[in-house]
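Q: Would you be able to build a 3D model of this:
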Amino acid sequence: MNIIDLHVHSTKSDGTLTPTELVEYAIEKGLSAFALTDHDTTEGIDEAIEAGNRHNEAIKNGDTEGLPLEVIPGIEFSTEYMGKDIHILGLYIDYNSSAFKEKIQEFVDSRILRNQKMCASLASDGIDITYEKLIEENPCAVITRSHYAKYLLNHGYTTSMKEAFERYIGDHCKHFIPREKITPMQAVELINEVGGLAFLAHPPLYHMSDRVLEGLIKELKEAGLAGIEAVYCTYTQGEETQMRKFASKYGLLISGGSDFHGTIKPKLDLAVGYGKLFIPESILCDIKSALANKLL
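A: Residues are numbered from 1 along each chain as shown. Okay, here's the model as predicted:
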């Protein structure tokens, strides 16, 4: 059975493989499809699709062997709900929509302002960092806290990225500055406006009570949520079962992803997560059927 991965990051946000390298790795791993879902950006999608098309054309011409690869245009929005950072995945989005690009630019501008403030805060404590230096070491990337952690590690301020979060940039640390975010319902509506399907990413990671999580799912369903990420790299069997039950109860699709970032998460691999993840192509078939019905 063919395998897929619907939650993958590149260097255009906080991954360590370029979009082209991701395509090459997906081919090496034998995937039939993956979704590029960088944080709040679609900058890598054209490059990934072009690389995928070259591979598929080579198969067609008999120049190479292997499975054809579908590169799915996606995004992962960071939103806020009841003080928690909630992520919404968009799959099959029309990322070239002018209105969509304008909204994405608003997110970029919000991130820049937040990052400038965080750099100034860290510098006030004697750390040799500026926003310009951070950008210089991470060109073309959407800066996230992982980039700060890597900077602090590389410049000798910590002995691990984990320590960077614990001492400097974790949610309750002195130098963490939240940025203005949209609600998860707004993200779902935006994804629908550009023809995509919206999924609630890795719900167990939010550590909500069942009651609160179900309330969120109900609100998102009313806003147009298509599904839940019910298969994920860190889930226990019980968590996956619970997510599938929520999906069934509310008539939602299921999605699955490794949340692959490359070497920034060294033990987490594309498609297989920490070794036991398996995302069958049948999940994508159901998503495509729903998308086709949406377009009718």
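
Q: And for this structure, the residue most distant from the center?
A: Largest separation from the mean C-alpha position in the chain: G62, at 33.8 Å (Cα atoms, centre = their mean).

Q: Tell me the backbone dihedrals of it, please.
A: Here is the backbone geometry of G62 (degrees, to the nearest 10): phi 80, psi 20.

Q: Please report how far it lies from E50.
A: 21 Å (Cβ to Cβ, to the nearest Å). No exception for glycine: its C-beta is placed from N, CA and C like everyone else's.

Q: And A58, by the same measure?
A: Remark: distance between A58 and E50 (Cβ to Cβ) = 13 Å.

Q: Please apply the same query to D85.
A: For D85, the distance to E50 - Cβ to Cβ - is 32 Å.

Q: correct me, but I88 touches L200?
A: Yes - between I88 and L200 there is a contact at 6.5 Å, judged by Cβ atoms under 8 Å.

Q: who has more neighbours, the two?
A: L200 (29 against 26; other Cβ atoms under 10 Å).

Q: Now do that one, the pLDDT please.
A: Note for L200: predicted pLDDT of 98.

Q: What's the local residue count around the nearest residue to it once chain neighbours are set aside?
A: In space, and not counting its chain neighbours, L200 is closest to I228: 5.0 Å by Cβ to Cβ, 6 or more residues apart in numbering. By the criterion of other Cβ under 10 Å, I228 has 28 neighbours.

Q: where's I228, which helix or strand?
A: I228 belongs to strand 227-232 when elements are defined using DSSP states H and E.

Q: which helices and strands does that strand pack with?
A: Here strand 227-232 touches strand 3-8, strand 197-200, helix 237-249, strand 253-257, going by 3 or more Cβ pairs under 8 Å, 6 or more residues apart in numbering; DSSP states H and E.

Q: Include distance to L190 when you put these into TSV, please.
A: Listed next are those as TSV, based on distance: least, Cβ to Cβ, whole Å:
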stretch	distance to L190
strand 3-8	18
strand 197-200	8
helix 237-249	22
strand 253-257	18
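
Q: For the stretch 1-150 of the chain, which segments are assigned as strands?
A: Residue ranges of the strands in the stretch 1-150 of the chain, as given by DSSP state E, counting those that start in this stretch, are 3-8, 31-36, 70-81, 84-91.

Q: Among the helices and strands packed on strand 227-232, which comes closest to L153?
A: The closest of the helices and strands packed on strand 227-232 to L153 is strand 3-8. By Cβ to Cβ, the value is 23.6 Å.
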